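S.K.: Give the three-dimensional model of this entry:
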Amino acid sequence: MIFEFSESQLQLKDAARKALDRECPISRVRAVLEDGRPFDRELWQFLAGMGFVGAAIPEAHGGAGAGHLDLCAIAGELGRALAPVPALSSVYLAAELLMQAGSEDQKARLLPRIADGSLLVCVAFSEGVGQPDLHHCRTTQAAGRLSGEKFPVLDGGIADMAIVPAAGPDEDMPSLFIVDLQGEGVSREALTSIDPTRGLARLSFDGAPAEPLGVKGEAGRLLDRAFDRAAILLAFEQVGGAERALEMATDYAGQRVAFGRPIGSFQAIKHKLVDLFVDVTLARSNAYFGAWALSNDAAELGLAASAARVSASEAFIHCATENIHVHGAMGFTWDMDCHLFYRRAHLLSVALGGQAMWQDRLVARAADDRQIAGEG
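M.R.: Numbers count the residues shown, from 1 in each chain. Predicted structure coming up:
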């Protein structure tokens, strides 16, 4: 097993960094936040034009056909730049679900439009506060029409379509459906988000026409698998953000002088930065393990996804928080960029189910692996 990017993937990563440094400086992220826009559509179109959005989508369906390792490399750079774009919803989740469960007609209709940036698709799995239950839901469907509510839905306010789990009369297990969010029977309400550059919404369905996606009653299984795959991609995004926050803290510690010395020379600051470095290194290692499992569709995918998700969430939150602390009182001010990383770190930590959910999945999957090894 090789847990590292190849030379070509490192070149892609470098190209993505240079492009995002040029097209998405932190001032552009701040402008989206201050203007009240839910995302940067022009940046999304630029990324699509570069082939980044459709990196893992097959060429037959309008993508670059590069594979998931390339998408992992790109995701890390999106996280480093805090790119205000709907990658998690449209690419990591929706495109994966369509590639796994979509009919040939659905793939032909929808995947090329996702790849070229013209179609935004969200996945509406949450039904209120608490951890999402992927195998049960209150949203119902009858005769191809949905009724119920989903909230909070990441990018629900900007998406053109939604993939929605819903259960029919007398059905225990939900199925997946594609809903046109601009069609009849759909209403939306914007919700407050800790990171307004990644908007949340409440979606209400009142007899909304819905197109089946995948096998009936298989929503839970499909979402479980899609969550694992998305968790690995999101982990790279979180690691990218954590690395940048650590760099900001380290650079400031070398520049800020107190009592005649750079504050980075004080032991307390040194220990703080070393702890952050350890967290980022662990998270990066778990993300690489996840990338290997994802690209090889390995049996360890579930375990690798859970480990990557837990360690990346912890690393990003820790780095974003301590970056503020290293900057001192000025780190809490609006004019500093520290809060942008803090906002994104906390949003991403719950955007795909919170830490408690993934810790439970990690423990259960590790126990399953030990049991299988013991039986062997």
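
S.K.: Against Leu176, how distant is Thr333?
M.R.: 45 Å (Cβ to Cβ, to the nearest Å). (Glycine included, C-beta is placed from N, CA and C.)

S.K.: And the helices in the chain, which stretches?
M.R.: Secondary structure of the chain (DSSP state H): helices at 7-23, 26-35, 41-49, 68-81, 87, 96-101, 104-115, 219-255, 267-296, 301-327, 338-350, 355-375.

S.K.: With mean pLDDT, mean neighbour count and distance to Asp160 added, can I get the ones you listed in TSV?
M.R.: Formatted as TSV, the helices of the chain follow (pLDDT from 0 to 100; neighbours: other Cβ atoms under 10 Å; distance: least, Cβ to Cβ, whole Å):
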stretch	mean pLDDT	mean neighbour count	distance to Asp160
helix 7-23	97	15	23
helix 26-35	95	16	20
helix 41-49	98	17	12
helix 68-81	98	26	21
helix 87	98	25	16
helix 96-101	98	20	14
helix 104-115	98	18	9
helix 219-255	98	24	19
helix 267-296	97	19	27
helix 301-327	98	25	28
helix 338-350	97	22	22
helix 355-375	82	14	28
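
S.K.: closest one to Phe151 among these?
M.R.: helix 338-350 (13.1 Å; Cβ to Cβ).

S.K.: Who are the packing partners of that closest one?
M.R.: helix 26-35, helix 219-255, helix 301-327 (3 or more Cβ pairs under 8 Å, 6 or more residues apart in numbering; DSSP states H and E).

S.K.: Now do the contacts for Gln344.
M.R.: One thing to correct before we go on: residue 344 is Arg, not Gln. Contacts for Arg344 (Cβ atoms under 8 Å, 6 or more residues apart in numbering) come out as 79, 82, 195, 197-198, 241, 316, 320.

S.K.: repeat that with 6 Å
M.R.: Taking Cβ atoms under 6 Å, 6 or more residues apart in numbering, we find Arg344 in contact with 82, 195, 241.

S.K.: Not counting residues beside it along the chain, what's closest to Glu23?
M.R.: Distance criterion Cβ to Cβ, 6 or more residues apart in numbering; nearest residue to Glu23, sequence neighbours excluded, is Phe46 at 5.7 Å.

S.K.: how near is the one you found to Arg17?
M.R.: On the measure of Cβ to Cβ, Phe46 and Arg17 end up 14 Å apart.
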